[in-house]
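>>> What follows is a protein structure lacking sequence information:
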């Protein structure tokens, strides 16, 4: 069981490394309301290479529901989802459609609760997701896109209450997913920026690719390539922030793993860096 006081101190230290100011009250609220999730679950910290002033810091947990209540139930009970009925309805319908394997919640150091993730038990074919009434229409409109790029069985569905969007996460389990041609093609398909050959190389190593949708947009808003299992010595030296975190980030245990993600969208691209704070995160 993790020490919540230690987690609190390390969140603030991580934010300082990322040069992000925090609301201590929001961090305290999250750790108090979702104490079982943070104490019993796998914990990660995350930030981005966005410009200072636009950069976020998030902290999150993933947990089995035999260890902690579902985060949606906790959030509803605390009144955190008032005014977010569209997103909340979607998550409720996802829970009704797919039995849960694990749940997860994500918090911003200044805004509090941001996302709730649902890890469904197999099988969870995409066609069943298309039948959920509250789903953004843009998801179903991209059925041919999913088929073209061999995206069949999302192991994680996320609902973003802060940005009014939702995510489908796909495991890169098809051989084409790990080729430069695939990375270029899928980004060109969405008219996103094509990165350097070095970034394309890293993207071919992704274990998961995420697509983001909104209710008020017909297109895929963002795509993100998740590359895991970097150590302190081999985090890519592509930005001063990555270098600083690789040198100074604090972990709870001996397993010190970093994840670097490449995110692309209509408004540009950036990197995310996540630390496996408790050393036991898995899909």
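Sure, I can see it. Predicted model, so just to flag it, every value in this text is computed and none were measured.

>>> alpha carbons only for contacts and neighbour counts from here, please
OK.

>>> quick one: contacts for residue 140?
residue 130 (C-alpha atoms under 8 Å, 6 or more residues apart in numbering).

>>> Secondary structure class of it, three-state.
At residue 140 the chain is in helix, as set by DSSP: H, G, I helix; E, B strand; the rest coil.

>>> Please work out how many residues are found near the closest residue in space to residue 63 that isn't next to it in sequence.
Excluding its sequence neighbours, the residue lying closest to residue 63 (C-alpha to C-alpha, 6 or more residues apart in numbering) is residue 41, at 4.5 Å. A total of 24 residues lie near residue 41 under the criterion other C-alpha atoms under 10 Å.

>>> Let me know the pLDDT of residue 41.
Confidence at residue 41, expressed as pLDDT, is 95.

>>> Repeat that for the one 4 residues further on.
Model confidence at residue 45, given as pLDDT, is 98.

>>> who's in contact with the helix or strand of the chain with the lowest mean pLDDT?
Using mean pLDDT, DSSP states H and E, helix 126-130 stands out as the lowest-scoring helix or strand of the chain, at a mean of 92. Around helix 126-130, the neighbours that count as contacts under C-alpha under 8 Å, 6+ apart are 94, 97, 135, 139-140, 152-154.

>>> how about CSV for these, with secondary structure added?
Shown next, in CSV, are the contacts of helix 126-130 (three-state DSSP):
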residue, secondary structure
94, helix
97, helix
135, coil
139, helix
140, helix
152, coil
153, coil
154, coil
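
>>> which of those are buried?
For those, a burial check counting by 16 or more other C-alpha atoms under 10 Å picks out 94, 135, 139-140, 152-154.

>>> returning to that earlier point: could you pull out the buried residues of the least confident helix or strand of the chain?
Here helix 126-130 shows 126, 129-130 as buried, counting by 16+ other C-alpha under 10 Å.

>>> Contacts for the helix or strand where residue 16 lies, please.
Following DSSP states H and E, the helix or strand that holds residue 16 is helix 4-17. Here helix 4-17 makes contact (C-alpha under 8 Å, 6+ apart) with 21-22, 27-28, 31, 35, 38-39, 45, 57, 59, 241, 244-245, 248-250.

>>> Name the next helix or strand downstream of it, please.
Going down the chain from helix 4-17, the next helix or strand is helix 24-33, by DSSP H and E.

>>> how far does that following helix sit from the chain's center?
A distance of 20 Å separates the centroid of the chain from that of helix 24-33, by C-alpha atoms, centre = their mean, to the nearest Å.

>>> Run the angle between that helix and helix 4-17 for me.
150 degrees (axes from the mean of the first three to the mean of the last three C-alpha atoms, to 10 degrees).

>>> Looks like the residue nearest to residue 63 contacts residue 60 (just checking).
No: Residue 41 is beyond contact range of residue 60, at 9.3 Å (criterion: C-alpha atoms under 8 Å).

>>> residue ranges of the helices in the stretch 151-283 of the chain, please?
All helices of the stretch 151-283 of the chain, identified by DSSP state H, counting those that start in this stretch, fall at 180-189, 197-203, 240-248.

>>> Can you say which of these is nearest to residue 74?
helix 240-248 (31.7 Å; C-alpha to C-alpha).

>>> what residues does that closest one touch?
17-18, 49, 231-233, 235-237, 258, 273.

>>> Quick check: buried residues in that helix?
Quick answer for helix 240-248 (16+ other C-alpha under 10 Å): 241-243, 245-246.

>>> Same question for stretch 210-223.
210-215, 219-223.

>>> Restricted to strands, list the residues you listed.
210-214, 222-223 (DSSP state E).

>>> which residues does residue 108 contact?
Counting by C-alpha under 8 Å, 6+ apart, residue 108 has contacts 56-59, 114.

>>> Tell me what it is bridged to.
Under DSSP bridges, the beta-bridge partners of residue 108 are residue 58, residue 112.

>>> Please indicate which of the contacts of helix 240-248 has the highest neighbour count?
Neighbour-wise, the contacts of helix 240-248 (other C-alpha under 10 Å) top out at residue 258, 27 neighbours.
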